[in-house]
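1. my questions are about this predicted structure, shown below with the sequence.
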Amino acid sequence: MYKIILLIDFAEEYSKSLLKGISTYSREFGPWIFCRMPLFHRETIGIDGILKWAQEWGADGIIGQLYHDKEIRKVVEAGIPVIAQDFKERFGDIPNITGAYHETGVLGADYFLKKGFKNFAFYGFKDIVWSRERAEGYEERVVKAGHKVHYFEHKKARSSELWYYKPSSLSRWLISLPKPIALMTCDDNQGQHITEACRHAGIRIPEEVAVLGVDNDVMICDLSDPPLSSIALDVEKGGYDAAKLLHQMMKNGISDHYDIVVKPTQVITRHSTDIYATNDDHIASSLKYIHQNIEKNLHVDEVVKQVPLSRRALEKRFLEITGYPIYKYIFNLRIEKFTKKLLDTDMSVFEIALDMGLTDSKNIARQFKQVKGCKPSEYRHRYLAGK
């Protein structure tokens, strides 16, 4: 029976999801024994103290948030398999639980572009990998669409103070931004900073600033005023895969390893982004109708009936503002909704199709594969731990 030390922030939703995945793997291939070590031990006893405890307890492996310094070599040299959650920078000597951060930024940008935004901003940290690379992906996609990104990147005193910010300087920056603006934050904590600062400055959300976080930490998102939209990640699958890798390292040695990459899955829309950034009332009405009726077997003709324009005129204006023909916008949104049900429920492809008012489940499965590159069942298996 393997004994594992978990050096993780047990209050974070991200860490809780990791633990769910680790626990699932342990039930299937264990059981394992776990020692939950609070993060403050990094500061109080350091790597030497953690290593001493691990050796005295007879630990077979460690998963945790570790400082990115040369001290980690002591654990490697002791022969204890260790996987690091890269809360600041990726390690080179040991495997990381990292993320497709660039891809997450692109997803956020695409989400806002589809809503018709022309102004964009990003709020985060330059000196932390998951913030920096999310910003890079966001900016790359925004620039490709012909726009620019406004930045506010604050410095932190230390890693334990990511929650800290100065509302006055942040409010001044928010007031200076062109409106309406699509603002992506590096995580949900920073998203809540923005909603608080906007309230402090009398800026309306989402009418003037639409705010999108990352992690989909439901508690933080719901505590935000208004509730915060966020990008969900396949963290539980990451925990499962990390446990699988650790098991492999404990059995076969620590030299052969690879990084665990947590991917974004979908945007969870709440009130903070529930708007379409266009001055064209007809396009705004069309977008609202599409989003309200996407779970029906919606057709372009039904959208055209909602506005006093010819199909040709509406198609032209819709393409100019959103960058997509109406049929393609409906298609993409339908796949997004289908994907959400695929990950959030145990419904079969046939049942999801019926739930969305579609009679041909084979057709939606074929369309899904065109977009995602695999069958729905394969996608579900890829992103859900133990499925």
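-> That came in fine, so what should we check first?

2. okay, CA-based contacts and neighbour counts for the rest of this
-> Noted.

3. just the buried residues of stretch 369-384, please?
-> By 16 or more other CA atoms under 10 Å, the buried positions in stretch 369-384 come out as Lys369, Lys375, Pro376, Tyr379, Arg380, Tyr383, Leu384.

4. can you check stretch 35-47 too?
-> Buried residues in stretch 35-47 (16+ other CA under 10 Å): Met37, Leu39, Arg42, Ile47.

5. the residue lying closest to Ile335 once chain neighbours are set aside and Ile203, how far apart?
-> Counting by CA to CA, 6 or more residues apart in numbering, Phe368 is the residue found nearest to Ile335 once chain neighbours are left out, at 6.3 Å. According to CA to CA, to the nearest Å, Phe368 and Ile203 sit 39 Å apart.

6. and these two? which has more neighbours close in?
-> Neighbour totals were compared for Phe368 and Ile203, and Phe368 leads with 22 against 17 (other CA atoms under 10 Å).

7. quick one: contacts for the more buried one?
-> Ile335, Cys374, Lys375, Pro376 (CA atoms under 8 Å, 6 or more residues apart in numbering).

8. which parts of the stretch 151-300 of the chain are strands?
-> Here the stretch 151-300 of the chain has its strands, by DSSP state E, counting those that start in this stretch, at 181-185, 209-214, 229-233, 260-262, 264-268.

9. related to what we said a few turns ago, just send the contacts of Phe368 back as a markdown table, with secondary structure and distance to Lys144 too.
-> Formatted as a markdown table, these follow (DSSP: H, G, I helix; E, B strand; the rest coil; distance: CA to CA, whole Å):
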| residue | secondary structure | distance to Lys144 |
| --- | --- | --- |
| Ile335 | helix | 23 |
| Cys374 | coil | 27 |
| Lys375 | coil | 30 |
| Pro376 | helix | 30 |
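
10. of those, just say which sits nearest to Pro325.
-> Ile335 (15.6 Å; CA to CA).

11. the residue nearest to Thr273 when sequence neighbours are not counted pairs with what?
-> In this structure, Thr273 finds its nearest non-sequential neighbour in Ala210, 4.7 Å apart by CA to CA, 6+ apart. Beta-bridge partners of Ala210, counted by DSSP bridges, are Ala182.

12. turn the contacts of Phe368 into a markdown table, including distance to Leu319.
-> A markdown table is the format used below for the contacts of Phe368 (distance: CA to CA, whole Å):
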| residue | distance to Leu319 |
| --- | --- |
| Ile335 | 19 |
| Cys374 | 28 |
| Lys375 | 29 |
| Pro376 | 29 |
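
13. which of these lies closest to Ser310?
-> Nearest member of the contacts of Phe368 to Ser310, counting by CA to CA, is Ile335, at 27.0 Å.

14. next, count neighbours for the closest one.
-> 19.

15. next one: Pro308
-> 10.

16. cool, and Tyr123?
-> 23.

17. who's in contact with the spatially closest residue to it that is not a sequence neighbour?
-> Distances taken as CA to CA, 6+ apart place Thr185 nearest to Tyr123, at 4.7 Å, with adjacent residues excluded. With contact set as CA under 8 Å, 6+ apart, Thr185 has these partners: Phe122, Tyr123, Gly124, Gly191, Val211, Leu212, Gly213, Val214.

18. state the distance from the fifth one to Thr278.
-> According to CA to CA, Val211 and Thr278 sit 16 Å apart.

19. tell me the contacts of the nearest residue to Glu89 once chain neighbours are set aside?
-> Leaving aside its sequence neighbours, Glu89 sits nearest to Val129 (CA to CA, 6+ apart; 5.3 Å). Applying CA under 8 Å, 6+ apart, we find Val129 in contact with Phe87, Lys88, Glu89, Arg90.
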